[in-house]
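Novice: let me see the structure of the following:
(chains A and B)
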Amino acid sequence: MSTHTKMADERKAPDGGTETGAAKGRRRSPTRVNPALYLFPLPAVAIIAFFLVMPTLQAFQYAITDWNGFSAAFNYVGLDNFVRAFTKDSLFTNALTNNLKFVLLVVIAQTAFSLVLALLLTKNSRGSILLRALFFFPTILSSVSVAFIWKFIYDPNFGLANAVLGGVGLEALQGSYLGNNAQALSWVAVTQVWFHAGQMMVVYIAGLQAIPRELYEAAEMDGAGKWQQFKSITWPFVAPATSIVVAYTTVQSFKAFDLILGIAGNPPKQSLDILSTRIYSTFANSEFGYAAAQSIIFMAMIALVTWLQRRLLRLTPKGE
Amino acid sequence: MSQISRRQAIAILGALGFGATAAACAGPGGSTAPGGATGPAAPSTGAVTGKVSFAHWRGEDKVVFDELIKRFAALHDGVEVVQDISTSNDYNAQGLQKVRGAAIGDAFATFRGAQFKNFTEAGIYAELKGSKAAASYQPGLLTAGQSGDSQLGLPYQVVFPMPMANADLFDKAGAEIAPKDWDGFLAMCEKLAASGVIPISWPGGDVGNGGQLFNCMIANNAPVDDMCAQIEQGKLKCTDDWFLRMLGQYKELVPYLQPNATGTAVEPAQNLFSQGKAAMLATGSYHIAAVRGLGATFPIELVFPNTSDGSGKFEGAYNATFILGVNSASKNQAASAAWIDFLSEPENAGYYANKTAQHVAVSNVEYTNPDLKRLSPWLDKKTALAARFQFQNLDVRNAVEASATAVISGTSPEQAAEAAQKIVDERL
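Specialist: Next up, the predicted model:
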């Protein structure tokens, strides 16, 4: 008899009389509970149903219509909106491409930058604490404020970036920044990294401060260099934090709607259009059904990327 | 109390979920759209009392409207007008959803073009044909608020989406302020550049304001007056010769724009002009108040970049906008209509105009604001109604206008035109 079959038979024990005493103790009596207990989750269920389930289901329904958002008349068009997004709408595919590029840029830059910051500032000296506060400061600003600040930093005529470059004699490097279609997205990515790196730095610092100092002392006694210490001690311990940082940064970058709109204006030009701004433009263009289909694609994209990331980045400390 | 099993409890919660699903599957739209098959009706009459929500996007005009509201309330006991102000971008994107149902916006304003069309199709406007207010307007300027035989909205403002000029800098450079043709316009720019100033400050980084120049550039290039509507319908193409000629003219403007113009937002562009570093600001007369607010004291004129060879049909461009309407779903239509009537009286329209530095479409208004007085002759010139608002599809409008920006950033007119036409074709 296979193990599986044996276990199944053992579960039948109450009728067959073969169950052990311990198993008998674990077995539950038929569940009869006071129905009043079931009233407690009802408010939560109602709120979730009303604010999450219903709008989501409605979005699925609208996505298969040609509804314009206000007319009583509409047609069911099946999957046409989804097909259109990928085959007949270069603005959508452009936004999708931009979004993926933006996520990649921000995830790589933000993860690396926040880890470096954390490594430099992990000690609790007065200077480190001050610098940590400074790097964390942007996080408490509203994204719209950040967008406007950086819009003016990037301005080619009055902006800080060109003024600083001019001030140190690097006029040749002065640029149009957001006006340059090839570079515009990268400059917004810089802003996004500046905005959130401090927050991610805190996650890394928490991970770094949990590493026992004895490990480093032992490594030094064994003659391990800084790189060896990082590779063999630091990284294995901060790897789970990296998982969190990457997941958080990915979702955040996908939804960088307010930052893009604040910097680029509404509507943003094509080189700065990402999925969320494209969906917004489609709603504003009175294509409610099509915008709902784009929203569903967007939701699926985030879910897929998050799932892939979890599969690929199973970073856990050694020994676990 | 009787008890239920876990299975029964799950069944109940499942039924609730199913109920939510069923509720979610109610048809979109529903029957909330006012107006309906009977067509628009005149606002209901009655006592001018109660609360009126006035929805619009001109936050900069709030103080002026506050004063007008005071004067209106002084004429009618028990009436209150509250301004519900959004930013122009938000209002463009969400105005319809906000005003629909009249939770706000018993009286409201719309942009000309796509937004007016959407409001019309949604049946939100009450009929104003034959109203006291409509009779106050210059008839020729009312067309932007008409739909078929109905006068649904009253285009309140008259703006000139043409470059504003610092007349002092023009005098200093000895530049012609009213060029008769394209060569004359370029010669004017050359003189300005030679005098050491930037000829044109253009906010190419701001899609909305940067796009206003398009109204001037297309007016005398297009073969028909409804050129943008025809582009959207596929009858005319961005790859046509006339459109490519216009893009070629955009390219010729590059030496006369500020450096990195395509990355310049509207505020820095205004600053270049206000500070006397640029001779023109290529947005429109609607920025006079903002420029004055930034400290500009020089005399302001308007310049039409006449793209023709001297035989052009138009001498300028204008737009009839800020279209006032009464919400057909409003429960207080009498007071809302009275408010629109009040705004349309020459004295009140004049107060609004002079305080906000905006011309209005109301007849017999006395302009006392020095800028408006100086620019009033433009009201009588042969000006083209701003063409970019003929586009009903915002994606198409942005794509077509973006072709001009692309040319200024170095793309060839042919490539830029093809990219724009691709998007137009996808939307046909």
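Novice: closest residue of chain B to chain A?
Specialist: B:G263 (2.4 Å; CB to the nearest CB). All C-beta spots, glycine's among them, are computed from the backbone N, C-alpha and C.
Novice: in contact with that residue, which residues are there?
Specialist: A:Y154, A:D155, A:P156, A:G175, A:S176, A:Y177, A:L178, A:G179, A:N180, B:G204, B:G205 (CB atoms under 8 Å, 6 or more residues apart in numbering or on different chains).
Novice: closest to B:H76 among the residues you listed?
Specialist: Nearest to B:H76 among the contacts of B:G263: B:G205, at 45.8 Å, using CB to CB.
Novice: if we can go back for a sec, dihedrals phi and psi, the nearest residue to the residue of chain B closest to chain A once chain neighbours are set aside?
Specialist: What sits nearest to B:G263 in space, not counting adjacent residues and going by CB to CB, 6 or more residues apart in numbering or on different chains, is A:G179, at 2.4 Å. Per-residue torsions, A:G179: phi -80, psi -10 (degrees, to the nearest 10).
Novice: A:G179 and B:A265 touch, don't they?
Specialist: No. Judged on CB atoms under 8 Å, A:G179 makes no contact with B:A265 at a distance of 9.8 Å.
Novice: identify the contacts common to these two.
Specialist: With CB under 8 Å, 6+ apart, A:G179 and B:A265 have common neighbours B:G205.
Novice: how about the stretch 101-250 of chain A: which residue is closest to chain B?
Specialist: Residue nearest to chain B within the stretch 101-250 of chain A: A:G179 (2.4 Å; CB to the nearest CB).
Novice: out of the contacts of B:G263, which end up buried?
Specialist: A:Y154, A:D155, A:P156, A:G175, A:S176, A:Y177, A:L178, A:G179, A:N180, B:G204, B:G205 (16 or more other CB atoms under 10 Å in any protein chain shown).
Novice: show me what contacts A:S281?
Specialist: The contact partners of A:S281, by CB under 8 Å, 6+ apart, come to A:N266, A:P267, A:D273, B:L394, B:D395.
Novice: anything in the longest strand seen in chain B near chain A?
Specialist: Longest strand in chain B by number of residues (criterion: DSSP state E): strand B:316-326. No. Using CB under 8 Å from any CB of the partner chain, we find that strand B:316-326 stays clear of chain A, coming within 15.2 Å at best.
Novice: average pLDDT for that strand, rounded please.
Specialist: What strand B:316-326 shows for mean pLDDT is 95.
Novice: if you count neighbours, what's buried in the helix or strand containing A:Q110?
Specialist: According to DSSP states H and E, A:Q110 maps onto helix A:90-121. By neighbour count with 16+ other CB under 10 Å, helix A:90-121 contains the buried residues A:91-92, A:94-96, A:98-100, A:102-103, A:105-107, A:109-111, A:113-115, A:117-118, A:121.
Novice: can you check stretch B:54-61 too?
Specialist: Result for stretch B:54-61 [16+ other CB under 10 Å]: buried residues B:F54, B:A55, B:H56, B:W57, B:R58, B:D61.
Novice: that one near chain A at all?
Specialist: No. Using CB under 8 Å from any CB, stretch B:54-61 stays clear of chain A, with a minimum separation of 12.5 Å.
Novice: just the CA atoms of that stretch, as CSV, please.
Specialist: The C-alpha coordinates for stretch B:54-61 follow below in CSV (Å, rounded to 0.1, in the frame of the first residue of the first chain):
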residue,chain,number,x,y,z
PHE,B,54,-21.4,77.3,-11.0
ALA,B,55,-18.8,74.8,-12.3
HIS,B,56,-15.8,76.0,-14.3
TRP,B,57,-12.0,75.8,-14.6
ARG,B,58,-10.9,79.5,-14.4
GLY,B,59,-9.5,79.6,-10.9
GLU,B,60,-7.7,82.8,-11.8
ASP,B,61,-11.1,84.5,-12.3
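Novice: what does it rub up against?
Specialist: So stretch B:54-61 is contacted by B:65, B:69, B:81-88, B:90-92, B:95, B:98-99, B:104-109, B:289-290, B:322, B:339, B:352, B:356 (CB under 8 Å, 6+ apart).
Novice: residues contacting A:Q110?
Specialist: A:Q110 makes contact with A:Q192, A:V193, A:H196, A:A197, A:M200, A:V245, A:T249, according to CB under 8 Å, 6+ apart.
Novice: rewinding a little: and the residue of the stretch 101-250 of chain A closest to chain B, how far from B:T262?
Specialist: 4 Å (CB to CB, to the nearest Å).
Novice: common neighbours of those two, please.
Specialist: What both A:G179 and B:T262 touch, as defined by CB under 8 Å, 6+ apart, is the set B:G204, B:G205, B:S409.
Novice: residues from the stretch 101-250 of chain B in reach of chain A?
Specialist: B:A114, B:N118, B:E121, B:A122, B:G204, B:G205, B:D206, B:V207, B:G208.
Novice: swap in the stretch 251-400 of chain B?
Specialist: Contact residues (CB under 8 Å from any CB) of the stretch 251-400 of chain B with chain A: B:258-265, B:268, B:271-272, B:393-395, B:398-399.
Novice: in PyMOL, select just the buried ones from those residues.
Specialist: Per 16+ other CB under 10 Å, the buried members of those correspond to this PyMOL selection:
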select buried, chain B and resi 258+260+261+262+263+264+265+268+271+272+393+394+395+398+399
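Novice: closest one of the residues of the stretch 251-400 of chain B next to chain A to B:G50?
Specialist: B:L394 (35.7 Å).
Novice: ok, the closest one touching A:P267?
Specialist: Yes. With contact defined as CB under 8 Å, B:L394 reaches A:P267; the gap is 7.1 Å.
Novice: since that was my last question, I'll sign off now.
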